[in-house]
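Trainee: Build me a structure from this.
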Amino acid sequence: MDVQDGIVERLGNSGLLERLQKAIAVARLHGIQVIYVKVAFRPGYPEVSARNQAFSGLAGSGGLIEHETEVHSAVSPRDGEVIVTKKRVSAFAGSDLDVVLRAGEVKALVLTGIATSGVVLSTLRAAADLDYELTVLSDGCADRDPDVHRILLEKVFPRQARVQTVEEWASGLAS
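Mentor: So this is what the prediction gives:
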């Protein structure tokens with residue numbers, strides 16, 4: 001989720017993309033549907049309220065316009081893979097993700113993304129309320145604040161999800 005060119009660039013090289021490449025390859029190998037989530041807005045930002053602290057500053061910056069928010073090339077979707085465009089922090093808010101998941105009769109989600117304290121946290125909470133079985137790939141997430149990242153993964157997420165590394169998750173599928 002939110003593994004988009006401009007967002008990835010702000011993190012620097014942490015090895016995240018390589019770990020996500022592995023997770024995607026393993027998912028495809030095991031027939032697990034890969035769904036990409038990105039955040040984007042129309043030109044002029046009609047979806048962004050001046051009261052929205054997280055996104056209201058975008059209107060003057062020119063960032064996150066729909067045609068400028070491609071998924072990072074290191075983890076590009078294949079033809080036919082679903083790309084969901086959201087309008088808020090959670091992958092469920094302002095998107096058709098719920099419709100896609102229900103249509104595919106999906107019952108379990110494996111979450112990765114940037115940022116752990118943003119899209120991952122918000123999506124995990126919404127998905128838990130919708131009764132999905134959840135896994136968060138700890139090293140498939142990143143955040144600007146390493147302390148917040150660690151606390152979420154160690155103390156908050158385990159209340160609603162299984163937290164595993166990409167390697168642990170991949171090994172579990174292989175056995």
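Trainee: Can you mark which positions in the longest helix anywhere in the chain are buried?
Mentor: As assigned by DSSP state H, the longest helix anywhere in the chain is helix 16-29. Buried positions in helix 16-29, judged by neighbour count with 16 or more other CB atoms under 10 Å: L16, L17, R19, L20, K22, A23, I24, V26, A27. All C-beta spots, glycine's among them, are computed from the backbone N, C-alpha and C.
Trainee: just for this structure, where's the confidence low?
Mentor: By pLDDT under 70, the weakly predicted segments of the chain are 13, 58-69.
Trainee: ok, now with 90
Mentor: Under the criterion pLDDT under 90, the flagged ranges of the chain are 5-14, 39-70, 73, 94, 174-175.
Trainee: For it, which segments are assigned as strands?
Mentor: 35-39, 82-86, 108-114, 133-142, 162-164 (DSSP state E).
Trainee: mind checking how far the last one is from the chain centre?
Mentor: Between the centre of strand 162-164 and the centre of its host chain there is 15 Å, according to CA atoms, centre = their mean, to the nearest Å.
Trainee: Contacts for it next, please.
Mentor: L134, T135, V136, L137, S138, L153, E154, F157, G172 (CB atoms under 8 Å, 6 or more residues apart in numbering).
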